[in-house]
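1. need a structure here:
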Amino acid sequence: MEEIIIVGAGGFGRELLQWIRDINSAKQTWRIKGFIDDNAHALDGIRCDYQIIGSIKDWTPSKNEIFAMGIAEPHIKEKVVRILKERGAQFASVIHPTALIADTAEYGEGIVMYPFSSLSVNCRIGDFLTLLSSGIPHDAQIGDYVTISSNCGLTRGVRIGNRAFLADHACILPERMIGEDAYVGMGSVVIRNVKAGTKVFGNPAKKID
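-> Numbers count the residues shown, from 1 in each chain. All right, here's what the predicted structure looks like:
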């Protein structure tokens, strides 16, 4: 049985620990080894029965280890993945038992799917999507290292570029495009395409500095 190491011991990493436990409860899949994090004090004062076993910058993957991406910020996520993969790391897809995936959905490496998240028919998902409790609609196209927070309302045929971030309760009208490195703020309603590198907020969503 492979040993799984969670990359990042922040709040998202600790949630990921719970989803891995839920997977193991349904079917024993991994032996949990602990966290790696460059902040050795990330778990200080926090109730958690697994420890930080080393740092990201110093960790050398071994043959029987697999990693779970416990970092949600897209740019940091990409940087850390590249560092570890250069050393030979392999990443697991962590899909909660309550998540739903259509037969015609396609997804890449290292996806994380929270409870009650979903991938609908004919959607195409890149590598290292972090999908909290939201659904990806039919015919959507999602790039690499994207994070979609909880309770987002994505609709038919949306396209989301690499490293984009959608905060909680963001809504996107059908066929709209969210560019690479864009940030959509909490509760925003996107009625027009969002350019690459742009931060938008509000209803309707407008560019902010």
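2. Report the contact partners of F201.
-> Contacts for F201 (C-beta atoms under 8 Å, 6 or more residues apart in numbering) come out as 184-186, 188, 208. Quick note: C-beta positions are derived from backbone N, CA and C, even for glycine.
3. Buried among those? Need that as a selection in ChimeraX.
-> Entered in ChimeraX, the line below selects the buried ones among the contacts of F201, by 16 or more other C-beta atoms under 10 Å:
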select :184,185,188
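4. what's the neighbour count on the nearest residue to K206 once chain neighbours are set aside?
-> Using C-beta to C-beta, 6 or more residues apart in numbering and skipping residues adjacent in sequence, the residue nearest K206 is V200, 6.1 Å away. Using other C-beta atoms under 10 Å, V200 has 21 neighbouring residues.
5. Just the element for V200, please.
-> Secondary structure from DSSP states H and E places V200 in strand 199-201.
6. do the same with I23
-> Going by DSSP H and E, I23 is part of helix 11-26.
7. taking the mean pLDDT, what do you get for that helix?
-> Averaged across helix 11-26, the pLDDT comes to 98.
8. in whichever helix or strand comes after that helix, what's buried?
-> Note on helix 11-26: by DSSP H and E, the next helix or strand toward the C-terminus is strand 31-36. Buried residues in strand 31-36, counting neighbours by 16+ other C-beta under 10 Å, are found at 32-36.
9. quick one: the closest residue to I71 other than its chain neighbours from V158, how far?
-> Once flanking residues are discounted, I71 sits nearest to G8: 4.1 Å by C-beta to C-beta, 6+ apart. Separation of G8 from V158 (C-beta to C-beta, to the nearest Å) stands at 27 Å.
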